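**Q** Predicted structure and sequence below. I'll ask about it afterward.
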Amino acid sequence: MRDMLELAILGFLYDTSLHGYDLRRRIAALAGHIRPIADGTLYPAIKRLEKAGLLARETRPGQAAAPRHMLTLTEQGTAELRERLRRPVEQDITDEGRWFVLLAFLRHLRNPAEEAAVLRRRLAFLTEPSSYFYEDGRPLRAEDFDDPYRRGMLSIARATSAAELAWLHETLAVLEPPPQ
């Protein structure tokens with residue numbers, strides 16, 4: 001969770017300076033329904049990134065009365081964001097929630113070959129036979145179950161994977177056009 005949260009902070013601050021409340025709202029909209037972000041988690045992460053020189057804090061006048069502490073990504077923070085996007089850990093590729101956070105900011109690499117390399121890792125992961133359920137080491141399919149709930153779970157996962165695979169192939173065709 002810590003890596004995902006830090007990536008989201010860096011990614012949102014790449015786009016614009018934000019104060020903690022706006023940053024929390026954006027992170028919650030991206031991943032909060034999966035992993036709610038509490039202030040007790042967000043603000044220590046901000047402090048860690050600030051201490052590491054990845055964020056800068058500036059006090060600006062507030063709209064009503066109280067001053068606001070605006071957070072800005074430093075050059076070092078931009079470099080760190082791009083490195084995390086370029087070389088995501090395995091869990092960022094295999095965990096759907098973490099994958100979506102990575103995907104939300106992948107455009108910040110601004111290098112089609114590097115973006116394609118990350119998408120190829122996800123493609124390789126999705127094309128490996130897998131399931132939520134196994135028998136004798138063999139992944140079970142929806143058709144293997146009488147249980148309507150497990151069958152539904154696996155059918156939904158199959159449809160989601162099919163949609164993502166189609167999108168990956170389409171996007172990779174744009175990022176890696178055939179030589180002319």
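**A** Nice, thanks for sending it over. The structure displayed is predicted, hence computed values, not measured ones.
**Q** Now do the contacts for the residue nearest the centre of the chain.
**A** For the chain, residue 101 is the residue whose C-alpha lies nearest the centre (C-alpha atoms, centre = their mean; 1.6 Å). Taking C-beta atoms under 8 Å, 6 or more residues apart in numbering as the criterion, residue 101 is in contact with 4, 7, 8, 11, 30, 31, 92. The C-beta positions use only the backbone N, C-alpha and C, and glycine is treated the same way.
**Q** element containing it?
**A** Secondary-structure assignment from DSSP states H and E places residue 101 in helix 96-105.
**Q** Check which residues of that helix are buried.
**A** Under the neighbour-count criterion of 16 or more other C-beta atoms under 10 Å, helix 96-105 has 97, 98, 99, 101, 102, 104, 105 buried.
**Q** Give me the buried positions along stretch 38-55.
**A** 41, 42, 45, 46, 49, 54, 55.
**Q** was I right about residue 46 contacting residue 21?
**A** No - applying C-beta atoms under 8 Å, one finds residue 46 not in contact with residue 21, separated by 11.6 Å.
**Q** returning to that earlier point: how about the buried residues of stretch 38-55, which pair is most distant?
**A** 41 and 54 (17.1 Å; C-beta to C-beta).
**Q** low-scoring stretches of the chain, by residue?
**A** Within the chain, the ranges that satisfy pLDDT under 70 run 1, 32-36, 39, 62-65.
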